[in-house]
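Q: Sequence plus predicted model, see below.
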Amino acid sequence: MTRPPASTPWRLAVARWLGIYPTITTLLLILGPSLLGHYPTPLIALLLTALLVPLTHYVVFPLIERLSGGWVRFPSLHGAAHHRVALLVWAVTYPLITAVLLLVLPILAGRVPIPVLTLVVTLIAVPIQSLLILPRLMPRAMPWILAQRRPA
């Protein structure tokens, strides 16, 4: 049985946001008091994206796909290719989130609750990542993503 093709970029962006927003909000509600105001923004973004990307890539997105009843299908890769995509997504996510946080935190930090802060950040970052960066980067990265290990 073959798997249907991945969903449209817009559906993927919506599904990614539906997974990322509650996940990052939960992470910040748990870790935020220990991090925010205590460490530089790039270090906070590094820690949060290092937790967020694997959590969403391996747990949350597959759950969303199952719960959507076929409305969304994430691109399907297995083994090393699946892990390389996660690494590539993190390599895009970390600098993007760092940049968005550097812009947004001075305006909103301490003025709005964490769920509002993460709402603003994810409404900026997820569409940029899902609709602009990843569609241009993934085709170029496919030779590396699909590369097989050569026997020693």
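A: On my side now, so go ahead.
Q: can you list the weak-confidence ranges in the chain?
A: Scanning the chain for pLDDT under 70 picks out 1-5, 149-152.
Q: quick one: secondary structure of the residue most central in space within the chain?
A: What sits nearest the mean C-alpha location of the chain, by Cα atoms, centre = their mean, is Val53, with 5.1 Å. The three-state label given to Val53 by DSSP: H, G, I helix; E, B strand; the rest coil is helix.
Q: can you pull out the helices in the protein?
A: Under the criterion DSSP state H, helices of the chain are mapped to 9-35, 41-55, 61-67, 80-108, 114-127, 134-146.
Q: how about TSV for those, with distance to Phe74 added?
A: No exception for glycine: its C-beta is placed from N, CA and C like everyone else's. Below are the helices of the chain laid out as TSV (distance: least, Cβ to Cβ, whole Å):
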stretch	distance to Phe74
helix 9-35	7
helix 41-55	14
helix 61-67	5
helix 80-108	10
helix 114-127	14
helix 134-146	12
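Q: List the contacts of the closest residue to Thr93 other than its chain neighbours.
A: Sequence neighbours aside, Thr49 is the residue nearest to Thr93 in space, at 4.9 Å (criterion: Cβ to Cβ, 6 or more residues apart in numbering). By Cβ atoms under 8 Å, 6 or more residues apart in numbering, the contact set of Thr49 is 90, 93-94, 97.
Q: quick one on the thing from earlier: for the residue nearest to the centre of the chain, give its distance to His83.
A: 11 Å (Cβ to Cβ, to the nearest Å).
Q: One more: His57?
A: According to Cβ to Cβ, His57 stands 9 Å off from His83.
Q: Compare those two (neighbour count), which wins?
A: In terms of neighbours (other Cβ atoms under 10 Å), His57 is the more surrounded of His57 and His83; the figures are 19 against 15.
Q: From what I see, the more buried one and Ala86 are in contact.
A: Yes. Counting by Cβ atoms under 8 Å, His57 sits close enough to Ala86 to count as a contact (4.4 Å).
Q: contacting residues around Leu131?
A: 9-10, 13.
Q: For these, which single residue is the most surrounded?
A: Ala13 leads the contacts of Leu131 on contacts (other Cβ under 10 Å) with 20 neighbours.
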